[in-house]
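> Show me how the following folds:
(one chain, ligands or ions: 2)
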Amino acid sequence: MPKIERERLFTTERSGGRALYRLHAVTVAVGICLVLYYRATRVPEQGRAAWLGMLASELFFAAYWVITQSVRWSPVRHRTFRDRLAARYGERLPCVDIFVCTADPHSEPPSLVISTVLSVMAYNYPTEKLSVYLSDDGGSVLTFYALWEATLFAKEWLPFCKRYNIEPRSPAAYFSEPDGYQDVCTPKELSFIKDMYEEMTERIDTAVMSGKIPEEIKANHKGFYEWNPEITSKNHQPIVQILLDGKDRNTVDNEGNMLPTLVYMAREKRPQHHHNFKAGAMNALIRVSSVISNSPIVMNVDCDMYSNNSETIRDALCFFLDEEMGHKIGFVQYPQNFNNLTKNNIYGNSHQVTNQVEMGGMDSVGGPQYVGTGCFHRREILCGRKFAEDYKEDWNGGMKDKTQESIDEIEEKAESLAACMFEHDTQWGDEIGVKYGYPVEDIITGLAIHCRGWKSVHNNPPRPAFLGVAPTTLAQTILQHKRWSEGSFSIFLSKYCPFLFGHGKIKLRHQMGYSIYGLWAPNSLPTLHYVIIPSLALLQGNPLFPEMRSPWIIPFIYVLCVNNMYSLYESLSAGDTLKGWWNGQRMWMVKRITSYLYGVIDTLRQLLGLSKMTFAVTSKVSDEDESTSYEQEIMEFGSTSPEYVIIATIALLNLVCLVGGLGQIMTSGWSLFNVFCPQLILCAMLVITNAPFYEAMFLRKDKGRIPFPVTLASIGFVTLTFLVVWYQ
Ligand SMILES: O=c1ccn([C@@H]2O[C@H](COP(=O)(O)OP(=O)(O)O[C@H]3O[C@H](CO)[C@@H](O)[C@H](O)[C@H]3O)[C@@H](O)[C@H]2O)c(=O)[nH]1
Ligand SMILES: [Mn+2]
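Ligands and ions are numbered 1, 2, ... in the order given. Just a heads-up that it's a prediction; the model follows:
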């Protein structure tokens, strides 16, 4: 056997710095035990309830801390060898289907969507093996029109990308790079392609703005006639249009090279049928693609997540085609990276620690979660297949073994698979496909795959494989985390709870890893206790911590300091800035007292049958004022939402308690200082963290300040709280 056959297509390395980490973890664990021991044995007569609340909160934090350590013990990272893949397989590679999901032409502009579509069409991969599907849950002719425009532009764009080997291959991203792209070709060529792109975008944006497609354009494609004036996004027939047919020899670009298959799909929507949001779209895509290309590998991205590296398919195949481990791997997940982050990460959306530490850690205990985008699956596992040691994938399956049906016949068949009634009385959404019933369809689907015996891989190459749009306002961030925390918590409370469902099927540490997200939401209650009660108790003269001179204060301070120092170290080594870490800590608190609180409330309401599951799509556009303050890293409020009232009330409460507490101590001397110092420190830390909120309430004059009614409401709530506390 030649040597090359024995070489692995990827390697797995343990991340460094383990000894330091383990030392820190063991000492913090001892510290936590001492803290809990102190709390449990010193319950006072006066202020018993507050003390017991502290005990309960600290117990929760301690348990949650243990859970978060499950993935930190031994994270791994991978390296792939695309040269070995090329040497071994050449172009004899499997067919790949790519799914792009969009839901609403107004929060997800069609010009952005097609840039993502173009970027994945332009992968460095044999085009006859590539099929791209766009699912449009908005059922909008505007999106269809944009995709039709993209087919024309692709005929110039794809050869341009390949001739000059450019990156990234999303035209929107490429032309917005500040520099670097000017030199790749002659200025004439560049201005030709750039103008063509800009004109196309302008036509699309104009159409979106007016909501209409010019009549003369409609004559160009039969697909436009699917839309009539009665059609709405919530009520329409299934639409499948094969815009580029990879099996047709005439589907070529302007240089005569084959183009990939490109399909538009809007599954049927009827008001009386529940459509199950993105999970429903994914399942329709799985079925529709099965009659068109049926590739053994399926990759899916959200419409804002363009491909940032044209080698990613080959990169992912290094895992699936590896002789030693490949047959165990069900999916390969790339991290969610974003191209619109600001330097200091004002809304804490960089996710670098999650990507590098937590996902890498999940990888070492059985595999990362499926996070809904940037993920390559075997088609078979999405369709419910269990892992078996002797399972052999048919890598030659797909495209070419389809019969010679006409396009119309195929489209008709595909449409019947995208009809509302199709899933009736079937296992779709349960045993087959992406699971229904939870706003984080991705997490639960991935968990089920792991429980069927498959492993997954987290691949985080130095050049990000995908880049998406992170929320650029506080409101959007809070909304996104509400959906995530609620979704994960409702899974935790369901029969899919990782500890029950995963019992005996996946490792305990893997179950714990899943629970990091499942327990996000309940974190809100102890956090609320911790940010309110000690401060109020300070004002009331009710001590909740050991005195400064007591040796028992040492474990409290140790746990606080070392935990924060380690979190800072993690954040900095993942590439965040110091200020970015600090902003992240603030957002962590804000999310806990708003998003996660709402997550708990909504999950409970659903359990009691009082409300239904929703999926609020995050907007990928922001108005000019919002963009400016985002770039300047100024927090944007602007609207009078109840979340802001919570934030403002807690901020104000802490400020008053700090001032009042300091006043009392100064008037009654140092003995009090000794007793209340820990509470003063806690309260002062909260006030420092909340600084931008005071500014937004009292100092700022711009549109993004906290609106006066919110400030007024928070003053009202704080006054009320003090009255209650006083007259108790
Ligand atoms: O009814 C729907 C609702 C949403 N989407 C699509 O789902 C994707 C994700 O929606 P978005 O509003 O961007 O949510 P995010 O919070 O950014 O999404 C993250 O979290 C989701 C689960 O909550 C996962 O599905 C996503 O892949 C993951 O990126 C977008 O492409 C939407 O077009 C649909 O296709 N149909
Ligand atoms: Mn998104």
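> going forward, measure contacts between C-alpha atoms and count neighbours the same way
OK.
> Please see if the helix or strand in which residue 488 is found touches ligand 1.
Per DSSP states H and E, residue 488 falls inside helix 474-492. Yes: counting by Cα under 6 Å from any ligand atom, ligand 1 is contacted by helix 474-492 at 480, 484.
> now what about that helix, what contacts it?
Identification of contacts with helix 474-492 by Cα atoms under 8 Å, 6 or more residues apart in numbering yields 347, 349, 438-440, 443-444, 471, 497-498, 515, 517-522, 591, 594-596, 598-600, 602-603, 615-616, 618-619, 635-637.
> Give me the buried subset of these.
Among these, those classed as buried by 16 or more other Cα atoms under 10 Å are 347, 349, 438-440, 443-444, 471, 497-498, 515, 517-522, 591, 594-596, 598-600, 602-603, 618-619, 635-637.
> Domains in this protein, by residue range?
14-72+505-726, 82-336+371-470 (automatic domain parsing).
> Looking at the first one now, give me its mean pLDDT.
Read it as domain 14-72+505-726. In this model, domain 14-72+505-726 carries a mean pLDDT of 94.
> quick one, helices of the stretch 101-250 of the chain?
110-121, 141-164, 171-176, 187-210, 215-218 (DSSP state H, counting those that start in this stretch).
> distance between the shortest one and the chain's centre?
Here the centre of helix 215-218 is set off from its chain's centre by 38 Å, with Cα atoms, centre = their mean, to the nearest Å.
> where's the longest helix that the chain contains relative to the chain centroid, distance-wise?
Longest helix in the chain, counting residues (DSSP state H): helix 642-668. The chain centroid and the centroid of helix 642-668 are separated by 34 Å, computed with Cα atoms, centre = their mean.
> repeat for stretch 656-673
Using Cα atoms, centre = their mean, the offset of stretch 656-673 from its chain centre is 45 Å.
> One more: stretch 87-101?
Centre to centre, stretch against its chain (Cα atoms, centre = their mean), the figure for stretch 87-101 is 25 Å.
> need the residues of this structure near ligand 1, please.
Counting by Cα under 6 Å from any ligand atom, the chain sits next to ligand 1 at 101-103, 137, 277-278, 281, 302-303, 371-373, 439-440, 442, 480, 484, 615, 617-618.
> before we move on, back to that, deepest-packed of the helices of the stretch 101-250 of the chain, please.
helix 110-121 (a mean of 26; mean count of other Cα atoms under 10 Å).
> by contact count, what packs against it?
strand 96-102, strand 130-136, helix 141-164, helix 171-176, helix 187-210, strand 306-307 (3 or more Cα pairs under 8 Å, 6 or more residues apart in numbering; DSSP states H and E).
> thinking again about what came up before, what is the rounded mean pLDDT of the helix holding residue 488?
96.
> Tell me which helix or strand comes right after it.
Downstream of helix 474-492 (by DSSP H and E), the next one is helix 498-501.
> Enumerate the positions of that next one that are buried.
498, 499, 501.
> any chance of these in TSV, with pLDDT and distance to residue 608 too?
Below are the buried residues of helix 498-501 laid out as TSV (pLDDT from 0 to 100; distance: Cα to Cα, whole Å):
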residue	pLDDT	distance to residue 608
498	97	22
499	97	23
501	97	22
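> Return the member of the residues you listed nearest to residue 407.
residue 501 (43.6 Å; Cα to Cα).
> count of neighbours near the residue of the stretch 601-728 of the chain found nearest ligand 1?
Nearest residue of the stretch 601-728 of the chain to ligand 1 (Cα to the nearest ligand atom) works out as residue 617 at 3.2 Å. Per other Cα atoms under 10 Å, the neighbour tally for residue 617 reads 17.
> And the helix or strand hosting residue 510, what does it pack against?
Assessed by DSSP H and E, residue 510 sits inside helix 508-518. For helix 508-518, the elements it packs on are helix 48-69, helix 474-492, helix 498-501, judged by 3+ Cα pairs under 8 Å, 6+ apart.
> which stretches of the chain form strands?
10-14, 76-80, 96-102, 130-136, 239-244, 261-266, 297-302, 306-307, 329-333, 337-338, 375-378, 455-458, 466-468 (DSSP state E).
> which of those is buried the deepest?
When the strands of the chain are compared using mean count of other Cα under 10 Å, strand 306-307 is most buried, at a mean of 30.
> Provide the contact partners of it at residue level.
115, 116, 117, 119, 120, 168, 169, 170, 465, 466, 467, 468.
> so can I have a markdown table of the residues you listed showing distance to residue 362 and pLDDT?
Formatted as a markdown table, these follow (distance: Cα to Cα, whole Å; pLDDT from 0 to 100):
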| residue | distance to residue 362 | pLDDT |
| --- | --- | --- |
| 115 | 32 | 98 |
| 116 | 28 | 98 |
| 117 | 30 | 98 |
| 119 | 29 | 98 |
| 120 | 27 | 98 |
| 168 | 29 | 95 |
| 169 | 31 | 97 |
| 170 | 31 | 97 |
| 465 | 19 | 98 |
| 466 | 20 | 98 |
| 467 | 22 | 97 |
| 468 | 22 | 96 |
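> ok, of these, which one's closest to ligand 1?
residue 468 (8.4 Å).
> so what's that closest one bridging to?
residue 338 (DSSP bridges).
> wait, isn't it in contact with residue 337?
Yes: Residue 468 is within contact range of residue 337, at 6.2 Å (criterion: Cα atoms under 8 Å).
> Let me know which of the helices and strands packed on helix 508-518 is tucked in deepest.
helix 474-492 (a mean of 24).
> and the angle for that one with helix 642-668?
100 degrees (axes from the mean of the first three to the mean of the last three Cα atoms, to 10 degrees).
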